[in-house]
Structure formats: structure tokens, C-alpha cells
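1. the following block contains a protein sequence and its predicted model.
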Amino acid sequence: MERPIAYDKLAREERFVRKRARDIAELRMAQGLSPMADLASRESIRERVHGILVGELQAMEGAGRTVCDFPEAPWEFTMDMARQVWDESRHVEIYLGLLEYLGGYVGEFAESTILWRCACAEDAAARVAGVNRGLEGLACDVFNQLIHIARKIGDPLIERAVDFVLADEITHVRMGSRWLNELTKGDPDRRRRAIEFQETIDERFNLGGVRLDGAHEEVGISIAKEARRLAGFTDEEIDKLVRSTQRSPVY
Amino acid sequence: MSDHPLAGTFSVEASARRIRNYRYAEERMMRTLGGWIALTPELAPKLLFGRHVWDCAQHADLWGRRLPELRAPAQQSEPAKPEFVQFMDLVDGREARHQTVERVVGVYRVLKPHLVATYHAHLAAANPVYEPPTRRILERCLAEERRHVAAATVVLERLLDGDARRRAGEWQTRLLAALAASGGVTGDTPTPLLATDVSGTDGSGDLVAAPASFDPNVITADLRPILEDHCRALIAGDVTRLGDHVADERRAAVLAVYDGLATVRACEIAAQAKIGAHRLIKVRLVGPGGVSVLQLQWQKRAGGWRVVDAELVRVEPAA
């Protein structure tokens, strides 16, 4: 089997429509919308849920490639990644259910492959830094906010289901922190490159000011400080992320 | 062999060797399934592979942990013969977008049924007095591999339309020959065992109910007629009518995309995605030269819906 694969080999059923993240955001903004769906209405929650669904699909695919691409990595690392594949497959099932519950259909909104591209990094340490710490950290923010909104609008089904997903994501971030340290032990250059990769992802997923440190109802994506602490991010790392959101004009 | 309760088929060393062979198969299968998830377009098999990667990882791990208890280094995989490696190479080489059927057949109609039969035979022969640690792992792996085969039977049946059934049969025959040439996972079986009948095993817990395919009725009533007319114009190659459906300022760019299209005999609306008030419509164009997939961006304007962008996203030459 080819290892690693080119990112354009990501395979989808025909019902999915793919579009660059930048093009989606620009087209939304040209219509006076925010760069990504907010959580202000049931329709926009559905769009957010669809975005999470394709994100979970790509997370499953990315973790699967990590299991495949690094046969020389420590066995426990492979075990963690294989576990993550299973978790993400359940998350896909959960979000398929939530999409149906919200009256949506698979393919209703365009899919960007920005998450998948991050999962195609050639170095295992960069993948766990970028995907497990950067993207799964973002997932903690998004899910924590969705749980809050669901509680506020009195939707226990969304609240309970997403809360279990959040618990898994916190575990995945912890895995990322562990393997970032272990895979780069004695190799500061590799560690630095992996962390820089994570920071570019953090910067990119600040989404031009959508992710901010603020109340759930007032910002596009609110930084989940407590969930991030549980996941093993230090206060210093959280402060650094908050500062980066204040200087992210690009999406 | 004596029927004394302490009589045994396998020595400690032979048992450890077999376990390294099993671990090789389970580990390799785990990596193969993991790699295939991204390469497989259909949701049902994609999610099936996602479910089973972790089970295979746990099987490999259980076998790997058993090894030191048999005076062997932990977590070591060992193929019985180079021919078994060749068999596995053959299985995992089917990675093209259109080869999902071959992927499912390779793992779920050949490799896993072979492991089920081998584990079953080993369990029947393993001594119940001094080999319970091995027997427990065999029992767990057996139950889970059977469940995997049962789940995949449902998924595969839904994939076997048109020519796929013939392809599945041919691929299975080729793999069985390669498996026989290898002597199976343990390398010592001239006619490798195969247990494809898992009737009575419930695989439903491993299946994710994939929603039905795209329903064109989700397209709004005012967009549908012009979209269908656009499809007819694509089949007819009617550039004037196509141009009428395109926004004035985008006409040249969109028609330039159409200019490169091969002859179209059928046009199927395959998807609709929303970005605000815009609609991204994917159409599948089938012709003698193969399949082309076009993605059209429609915007509602004063005169009605108009194409404002077109992109040729995939071309599949005819087989």
C-alpha cells in the first residue's frame, strides 16, 4: 500500500460536495454571513453539526492513515491511534444521528478538507501535535459550546450525545500530548517543528476572529479553557492560544 | 495422540510460533483496514473498517502480550512464510477508489474466514488444563472475527450490483489460490481452512445505518426545472442553451469548462450542498468515454437561477 497517500485521494460518495475552506468562508461573507455557521438558530446548528460530521469522518480517516503509515512507531502509539479510529467512527454515527434529528441530510452543506490535509503531515509527531492537540483541541472548544447552547435551548439529546464525544476528544488531546513528548524525546528540532505545525493549525482555525475567548452566546467559537485544562493543556498554552486569536485576520 | 487430559498437541515453542503468525496477520490487517478508510468512498464499508481497526489492534495486542508467557519476546509478529506475506500484499494492494468490493472480499471473505477456521481448529486442539490463557484469547478473537464477517456480509451484499458480483467472485478465487500457496496463516495447511458460514452470529452492532443516497427532491421547485434543462443541454451539447443558464459575467469561464467535456449520454444529479443562498450542484455525466463529474454553483438572480461557477471535479475513463 502507498504510504503516505496524496491528500487528493480522500474518497467520498458522490453526495458530498467539496469546496476549499477559504472559498466557503468568502462566499458566506459575500452574502453577509459569518465565515462559518453560528449557533443562533436550529438551521445554523444543523449546518454546524454537518461541519462536525465531516470533521469526524476526516478525523477517522486521518487516524486510520496514522495506523497504516507508521509501522515502525511504538506499538502503544499504534494502539492509541487504533482506539482513536474506533472513537471517531462512533462520533460519525452520533453526528449522523444528530443531523437526521435536526432534519438535515448528508451532503447538505459543502465539505472542506482542511482537517484532512492537516492529518497528512509526513511526520508522526507533527500529526499528533497538529491533529490531536490542534484540531482535537478545537473540537473541545466547538463541542463545549454546542453542549452549552443545547442546554440553554433545552435539548437534552444533543447535550448528552455531544458530552460523550467531548469526553473522547479530551482523551485524544491527552494522547497527543503524550506522544508529542515521547516521539520527540531527545530530538528538540523535531519537537520544535511539530509544535510549529500545531501553532499554524491553531492560527488557521482561529478562523479570522471566529474563535475567541468569550461567552458562548457572544463569539463564534468560544475557547473551552476548562476542557483544555482537563485535556492537559497548560495555562501558558491556553493563554498563548487566546493571544493568537487576537491577531488572526486570516481564515 | 493420547486422550489423557494432560496430552497436548502444541509445544510451548510451537504455540509461541503460531501466536507470532496470528499477530502478524492481525497487525497487518489492522494497518490495511486503517489505510483503506480514507480510500473508500462508500460510507458503510468506510465505517465498517473504522469499527474493526480497534478490534484487530486488540487481537494483535493480546497475542503480543501472551508471548512472554511462552518464553518468547513480547509483541513480535512473524509471517509463517514469504508466501503469506505475498498473500497479504495482494489483499492490501486493492486501494483504488473503485475497488471497495475487492477490499471487502479480501478481508471479510478470505482472510477473516481463514482466521476464524484456524482459531477454531486451534481452540479444539489446545489443552484445556495448561493452555487456558491461549484458549481465552482464541475464544475472544473467534467471537469477534465471526461478528466482523457477519457484519461485512450485509455490507458486501449491498455493494454487489451489476458487474461487482463477478469481480468479487474472481478476486476471491485468486486470493484463495494465493492463500493455498502460502499454506495459510501458520504456513502448514496445504488446503487452508475457511469458515465463511457465520449464520447465527449477530453482526448488527458493527453496522452503522448509512442514510439513503441523495434525494433530488431536496432541490427547490424553482431551481429544479432549469437544472434539468441544463442537464438536457449538456447531453445535447447545446452551447447556446447552456450559455442562457449562466450568469452573463461568468459565461465565458463556465463554457470553457464545458468545452473540454467528452460526449455525454446521461446526466444524473448527484448532490446538492448549500452555502448560504448559493447551491452547489454535482452532476454526473456518463458517456462512451467514461464518467465526468461537474460541480456547478447556482445563484438566484433577478431573472432566476443562474450558474456562476463550474468545476470539473473528476474524470473516470471507461473501463
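-> Right, received. Where do you want to start? All values derive from a computational prediction rather than experimental measurement.
2. tell me the confidence at the residue of the stretch 151-251 of chain A found nearest chain B?
-> For the stretch 151-251 of chain A and chain B, the shortest gap (Cβ to the nearest Cβ) falls at residue A:168, measuring 12.6 Å. Backbone N, C-alpha and C define where each C-beta goes, glycine included. Note for residue A:168: predicted pLDDT of 97.
3. what lines up beside the helix or strand of chain A with the lowest mean pLDDT in the sheet?
-> Among the helical and strand segments of chain A, the one scoring lowest on mean pLDDT, DSSP states H and E is strand A:211-212, with a mean of 88. With DSSP bridges as the test, strand A:211-212 is paired with strand A:221-222 (parallel).
4. got the contact list for the strand it pairs with?
-> For strand A:221-222, contacts defined as Cβ atoms under 8 Å, 6 or more residues apart in numbering or on different chains pick out A:138, A:141-142, A:144-145, A:207, A:210-216.
5. closest to residue B:68 among the residues you listed?
-> The closest of the contacts of strand A:221-222 to residue B:68 turns out to be residue A:138 (Cβ to Cβ; 40.8 Å).
6. so that closest one sits in a helix?
-> Yes. Looking at residue A:138 with DSSP: H, G, I helix; E, B strand; the rest coil, it is inside a helix.
7. please name the nearest non-neighbouring residue to it.
-> residue A:205 (4.9 Å; Cβ to Cβ, 6 or more residues apart in numbering or on different chains).
8. residue B:91 belongs to a strand?
-> No. Using three-state DSSP, the assignment for residue B:91 is helix, not a strand.
9. residues contacting the residue nearest to residue A:138?
-> A:134, A:135, A:138, A:211.
10. residues contacting residue 128?
-> No chain in the question, so chain A it is. If you count contacts by Cβ under 8 Å, 6+ apart, then residue A:128 has A:66, A:175, A:176, A:179, A:180, A:183, A:194 around it.
11. right idea, wrong chain: chain B
-> So residue B:128 contacts B:5, B:135 (Cβ under 8 Å, 6+ apart).
12. helix, strand or coil for it?
-> Of the three states, residue B:128 takes coil under three-state DSSP.
13. look up how far chain A lies from it.
-> Computed with Cβ to the nearest Cβ, to the nearest Å, the distance linking residue B:128 and chain A is 30 Å.
14. ok, which stretches of chain B are helices?
-> With helices called from DSSP state H, chain B shows them at B:12-39, B:43-66, B:82-92, B:100-104, B:112-125, B:132-159, B:164-182, B:224-236, B:239-244, B:251-259.
15. for the shortest one, packing partners?
-> Contacts defined by 3 or more Cβ pairs under 8 Å, 6 or more residues apart in numbering or on different chains; DSSP states H and E place helix B:100-104 against helix B:43-66, helix B:132-159, helix B:164-182.
16. hmm, try it at 10 Å
-> helix B:12-39, helix B:43-66, helix B:82-92, helix B:132-159, helix B:164-182 (3 or more Cβ pairs under 10 Å, 6 or more residues apart in numbering or on different chains; DSSP states H and E).
17. can you redo those helices as JSON lines with mean pLDDT and mean neighbour count?
-> Formatted as JSON lines, the helices and strands packed on helix B:100-104 follow (pLDDT from 0 to 100; neighbours: other Cβ atoms under 10 Å in any protein chain shown):
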{"stretch": "helix B:12-39", "mean pLDDT": "98", "mean neighbour count": "24"}
{"stretch": "helix B:43-66", "mean pLDDT": "98", "mean neighbour count": "24"}
{"stretch": "helix B:82-92", "mean pLDDT": "98", "mean neighbour count": "19"}
{"stretch": "helix B:132-159", "mean pLDDT": "97", "mean neighbour count": "19"}
{"stretch": "helix B:164-182", "mean pLDDT": "97", "mean neighbour count": "16"}
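18. put together JSON lines for those, with distance to chain A on each row.
-> Shown next, in JSON lines, are the helices and strands packed on helix B:100-104 (distance: least, Cβ to the nearest Cβ, whole Å):
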{"stretch": "helix B:12-39", "distance to chain A": "3"}
{"stretch": "helix B:43-66", "distance to chain A": "3"}
{"stretch": "helix B:82-92", "distance to chain A": "5"}
{"stretch": "helix B:132-159", "distance to chain A": "12"}
{"stretch": "helix B:164-182", "distance to chain A": "16"}
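19. still on that earlier bit, quick one, what contacts the nearest residue to the residue of the stretch 151-251 of chain A closest to chain B once chain neighbours are set aside?
-> Excluding the flanking residues, the one nearest residue A:168 by Cβ to Cβ, 6+ apart is residue A:87, at 4.7 Å. Counting by Cβ atoms under 10 Å, 6 or more residues apart in numbering or on different chains, residue A:87 touches A:56, A:59, A:60, A:63, A:165, A:167, A:168, A:169, A:171, A:172, B:50, B:54.
20. relative to residue B:276, how far out is the fifth one?
-> Computed with Cβ to Cβ, to the nearest Å, the distance linking residue A:165 and residue B:276 is 27 Å.
21. higher neighbour count, these two?
-> Taking other Cβ atoms under 10 Å in any protein chain shown, residue A:165 and residue B:276 do not tie; residue A:165 has more neighbours (23 against 16).
22. now the more buried one. Nearest residue, chain neighbours left out?
-> With Cβ to Cβ, 6+ apart, the residue lying closest to residue A:165 is residue A:91, at 5.3 Å.
23. same question for residue B:269.
-> Nearest non-adjacent residue to residue B:269, counting by Cβ to Cβ, 6+ apart: residue B:216, 4.9 Å away.
24. thinking again about what came up before, so how do I select the buried members of the contacts of strand A:221-222 in PyMOL?
-> Buried subset of the contacts of strand A:221-222, written as a PyMOL selection, criterion 16 or more other Cβ atoms under 10 Å in any protein chain shown:
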select buried, chain A and resi 138+141+142+144+145+207+210+211+212+216
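25. ok, and the closest non-adjacent residue to residue B:156?
-> residue B:104 (4.9 Å).
26. so that neighbour is in contact with residue B:167, correct?
-> No. Residue B:104 is beyond contact range of residue B:167, at 11.1 Å (criterion: Cβ atoms under 10 Å).
27. what is in contact with these two at once?
-> Common neighbours of residue B:104 and residue B:167 (criterion: Cβ under 10 Å, 6+ apart): residue B:160.
28. that older thread, okay, the helices of chain B in JSON lines with distance to residue A:199 next?
-> Converted to JSON lines, those look like this (distance: least, Cβ to Cβ, whole Å):
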{"stretch": "helix B:12-39", "distance to residue A:199": "25"}
{"stretch": "helix B:43-66", "distance to residue A:199": "29"}
{"stretch": "helix B:82-92", "distance to residue A:199": "35"}
{"stretch": "helix B:100-104", "distance to residue A:199": "37"}
{"stretch": "helix B:112-125", "distance to residue A:199": "43"}
{"stretch": "helix B:132-159", "distance to residue A:199": "40"}
{"stretch": "helix B:164-182", "distance to residue A:199": "46"}
{"stretch": "helix B:224-236", "distance to residue A:199": "44"}
{"stretch": "helix B:239-244", "distance to residue A:199": "47"}
{"stretch": "helix B:251-259", "distance to residue A:199": "37"}
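29. which one of those lies closest to residue A:106?
-> Comparing the helices of chain B against residue A:106 with Cβ to Cβ, the closest turns out to be helix B:43-66 (7.6 Å).
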